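Undergrad: need coordinates for the following:
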Amino acid sequence: MIYIIFILKYFLFQFQQKIKQWAKPATLSLIAGVISDMTRSRADLIAENALLRQQLIVLHRQVKRPLFTQHDRFRLVLIARFSRFWKQALHIIQPGTLLRWHRDLFRFYWRLKSKRKQNKPKIPPETIDLIRKMANENRLWGAERIRGELLKLGIKVCKRTIQKYMPKVRETPSSSQTWATFVKNYVGDIWACDFTVVYDWLFRPRHIFVIMELKTRRIIHSAVTTSPTDEWTAQQLREATPWGQGPKYLLHDRDSKYASHFSAVASGSGIQELRTPYRAPRANGVCERYMGSLRRECLNHTLILNDRHLMRVVREYTKYFNQERPHQGIGQRVPNYYDRPVSNPTGNISSRAILGGLHHSYFRVTALH
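TA: Next comes the predicted model:
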């Protein structure tokens, strides 16, 4: 009998513990917790509120910010709707945060409401197949021509709908040679020239003129002046092509600096001028890219004093560009050694400062035996 009473007490104790665990507010859902609070005494609720308030105070002193799930945000917004003192009741978030959640909830609602539904086509599948069949069998027909044929059959479809279901026919490529193809095919016979402007320490403009060989990216000639004219540009071309040595084509823009004198020197050397199209800066993109490299890697970091100083800086950078600097456009080769095969030299690695340490050239030093 004693054992039976002991077993009954044990099961009663376990049942009471289950009831207490089930009745904990922390383990209940929101609705079940409200129903459970309605059955409790006022003193018990006041004590529990004081306990929760103290925990909120401790939580408010924490450094790390608590994380809220989407359900937590929705519940807080919904509960704040039924209280006039919701701002005073917030401890772990700011009122502005709750208002932002409220706006996000409205955006989410209207986004779902205004979301386009994936409706089925308004025209029957037989009509869609007929549109595609007409387009495939009649390559010269457009959407309006197909619309006329459908009207003959008693099918009313707008032009936009026909265009939607017509197969995307690939356009026939033009038989004429593009500018990029021409430059690629004759890159070994083309030089390019261009001007750029820099300013000295007194904000006076200085013009830099450069002639480049497109195939190797080698700088053939460079010069500096304060007043570029047609005669001056023609003289630079004459110096760059001594004894009639020059390219077959010379690429440049339509600047007035390339006028009659320049054209006379070019024709006298057997050079055919290629003028870039209007508003097409990429037509002479290789030379333009060099001008950008000259600015970014050299001139933007140098205070120019006069013409002599600028010419000395440009010549030093040109020498570095031709003899030391690998170029991406020619497979990381150096312009002056374009045709040199790749080798595997041995020795210690050393470096040499260029332009006062603005750049460095690295090379291997072989030991002498």
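Undergrad: where's Ile155 relative to Glu126, distance?
TA: Going from Ile155 to Glu126 by Cβ to Cβ, to the nearest Å gives 9 Å. (Glycine included, C-beta is placed from N, CA and C.)
Undergrad: so between those two, which is more surrounded?
TA: Set side by side, Ile155 and Glu126 give different neighbour counts by other Cβ atoms under 10 Å, the larger being at Ile155 (15 against 9).
Undergrad: how is the protein carved up into domains?
TA: When the chain is parsed with automatic domain parsing, its domains come out as 125-165, 180-340.
Undergrad: how about these in CSV, adding distance to Leu45?
TA: Conversion of these to CSV gives the following (distance: least, Cβ to Cβ, whole Å):
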stretch, distance to Leu45
domain 125-165, 64
domain 180-340, 72
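Undergrad: and among those, the most buried is which?
TA: Mean neighbour counts were compared across those using mean count of other Cβ atoms under 10 Å; the top stretch is domain 180-340, at a mean of 16.
Undergrad: thinking again about what came up before, comparing the domains of the chain by mean pLDDT, which bottoms out?
TA: Out of those, the stretch the model trusts least by mean pLDDT is domain 125-165, with a mean of 85.
Undergrad: ends of that one, what's the gap?
TA: Criterion Cα to Cα, to the nearest Å; first-to-last residue distance in domain 125-165 is 11 Å.
Undergrad: what does stretch 265-278 rub up against?
TA: Stretch 265-278 is contacted from outside by 179, 190, 234, 237-238, 241, 244, 246-254, 258, 263, 283-284, using Cβ atoms under 8 Å, 6 or more residues apart in numbering.
Undergrad: among these, which are in strands?
TA: Mapping the contacts of stretch 265-278 onto strands (DSSP state E) picks out Ile190, Tyr249, Leu250, Leu251, His252.
Undergrad: can I get those in TSV with distance to Leu303?
TA: Supplementary listing: these in TSV, determined by distance: Cβ to Cβ, whole Å:
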residue	distance to Leu303
Ile190	35
Tyr249	38
Leu250	34
Leu251	32
His252	30
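Undergrad: so which of those comes closest to Phe203?
TA: Compare each of the ones in strands among the contacts of stretch 265-278 with Phe203 using Cβ to Cβ and the shortest gap goes to His252, at 27.5 Å.
Undergrad: I'd say the closest one and Ala192 touch.
TA: Yes. With contacts counted by Cβ atoms under 8 Å, His252 reaches Ala192, the gap being 7.0 Å.
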